[in-house]
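Peer 1: sequence and predicted structure are below.
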Amino acid sequence: MAAVDSPVPGEDWRAGGFGLYLHWPFCAAKCPYCDFNSHVVENIDIDRWERAYLHEIDRLGEALGERVLDSVFFGGGTPSLMPPALVARLLDAITRRWRLANALEVTLEANPTSSDAAKFRAFADAGVNRLSVGLQALDDGALRLLGRLHGADEGIAAYEAARRAVDRVSFDLIYARQEQTLAGWKEELGRALALEPAHLSLYQLTIEEGTVFAERHRRGRLRGLPGEDLAVDLYSHTLQACAAAGLESYEISNFAKHGQESLHNLIYWRGGDYAGIGPGAHGRLTMNGQRLATRCASAPGAWLQLVEQEGSGEDLRETLPEGEAAEEYLLMGLRLAEGIDIARYRLLGGKGLAAEEIADLSAQGYLRHRGERLGLTPAGRLVMDALLARLA
């Protein structure tokens, strides 16, 4: 990937692009490891939700409409539970409100159940051109432990249905699960790579506060989680196997063939601007030379009420403190193989990245420093948190 040109102050977001995130907060079931803002409900007033989303699209479009929109991302929750006709109407409103990039990316996250897969073609007709399918595992026992509603064969069938519906498809897997061995992961990842994916998201299982897994862990009922050495071995094999399959590790947990990277997620990692719509959605917006953090109300009912009564679903909008934009750029940008632009970091007010630290960590084989570009080596990725503590 080409390096991103350093921007001028006040227009920094242009170096990362501009995207729109829409959060659909509903799921068929709550997975025990998930800390996302997702809810299980019996009845959804689709018309009411449509009016709220359309209102927020208009509100943000009026404020930010001069920008070129690079990506749209339907996340959740489970957006594949949305009626395709609703997705079509929202995308129609978005395309009328913004100027669009020539290669606008429109991603929708999907559950790999047969009922969701049956709608993939309709989502494509609505304007979705990229599907992200949450397989999570290719082992039925592991899927049961993860609380998933599908089996491995059903997941693979959904992935194949997605490839028939759209040109760009990604799927997710979780590793470092209970009782997982290196040999087992080698076999499972091998089966995943045999599906010839163009993009893979491979996440190490983390125990997040507020989840069912966190409560089980506290009670000593989440047995068989791998130790640090095994987790390192699992990740090291992941890097090797994906590279051998022609998938570049362009971000710590994401692998893609050239040109198949997630444009929307690159906006986050490159420190671009993104507007968030829907319960719990966050945003980063540059307006009048200031970098703003936005957040929408988390509870679905509270978000709807704010939109309908106050004219905005946001419950927070504040200017980032001095230096925080630089810190975010450092934290997110070093996740990328392309690394960060040191000059841009300085332009954002960054005070870290002491020359002696860079020189020392480069000599130890943890950093790759070329001109104004700074990135992590494979060894550096394994100890990223410790490196950030020295660099920030």
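Peer 2: Happy to help now that I have it. Please read these numbers as outputs of a predicted model, since none were measured by experiment.

Peer 1: ok so Gly375 is a strand residue?
Peer 2: Yes - Gly375: assigned to a strand according to DSSP: H, G, I helix; E, B strand; the rest coil.

Peer 1: which residues are contacting the lengthiest strand in the chain?
Peer 2: Secondary structure of the chain per DSSP state E: the longest strand is strand 99-110. For strand 99-110, contacts defined as CB atoms under 8 Å, 6 or more residues apart in numbering pick out 65-76, 78-80, 87, 91, 116-117, 120, 123, 127-134, 158, 162, 168, 262-264. Placement of C-beta: from N, CA and C, glycine included.

Peer 1: and the residues you listed, which of them are buried?
Peer 2: Among the contacts of strand 99-110, the ones that count as buried by 16 or more other CB atoms under 10 Å are 67, 69-76, 78-80, 87, 91, 116-117, 120, 123, 127-134, 158, 162, 168, 262-264.

Peer 1: need the CA coordinates for the lowest-mean-pLDDT helix or strand in the chain. CSV is fine.
Peer 2: Within the chain, no helix or strand scores below helix 212-218, which has a mean of 85 by mean pLDDT, DSSP states H and E. Taking C-alpha atoms only, helix 212-218 is exported to CSV below (Å, rounded to 0.1, in the frame of the first residue of the first chain):
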residue,chain,number,x,y,z
VAL,A,212,-21.0,-13.9,30.2
PHE,A,213,-17.5,-15.2,29.6
ALA,A,214,-16.1,-12.6,32.1
GLU,A,215,-18.5,-13.9,34.8
ARG,A,216,-17.6,-17.5,34.0
HIS,A,217,-13.9,-16.6,34.2
ARG,A,218,-14.3,-15.0,37.6
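
Peer 1: quick thing: my sequence starts at 16, can you match it?
Peer 2: Right, with 16 as the first residue, what we last looked at is helix 227-233.

Peer 1: just to revisit the earlier point, list the helices and strands the next helix or strand after the longest strand of the chain packs on?
Peer 2: Per DSSP states H and E, the first helix or strand lying C-terminal to strand 114-125 is helix 129-132. Using 3 or more CB pairs under 8 Å, 6 or more residues apart in numbering; DSSP states H and E, the elements in contact with helix 129-132 are helix 167-180.

Peer 1: ok, then the element right after the helix it packs on?
Peer 2: Next along the chain after helix 167-180, taking DSSP H and E as the criterion, comes strand 183-190.

Peer 1: beyond that next one, next helix or strand please.
Peer 2: Next element after strand 183-190 (DSSP H and E): helix 197-209.

Peer 1: quick revisit: identify each buried residue in the least confident helix or strand of the chain, please.
Peer 2: Buried residues in helix 227-233, counted by 16+ other CB under 10 Å: Phe228, Ala229.

Peer 1: with stretch 100-117 instead?
Peer 2: Within stretch 100-117, the residues scored as buried using 16+ other CB under 10 Å are Leu101, Val102, Ala103, Leu105, Leu106, Ala108, Ile109, Arg112, Trp113.

Peer 1: again, but for stretch 250-258
Peer 2: Quick answer for stretch 250-258 (16+ other CB under 10 Å): Tyr250, His252, Thr253, Leu254, Ala256, Cys257.

Peer 1: so how far is the least confident helix or strand of the chain from its chain's centroid?
Peer 2: Here helix 227-233 is found 24 Å from its chain centre; the criterion is CA atoms, centre = their mean, to the nearest Å.

Peer 1: so for the following helix or strand past it, mean pLDDT?
Peer 2: Note on helix 227-233: by DSSP H and E, the next helix or strand toward the C-terminus is helix 243-259. Mean pLDDT, helix 243-259: 96.

Peer 1: check stretch 45-56 too.
Peer 2: Mean per-residue pLDDT for stretch 45-56: 83.
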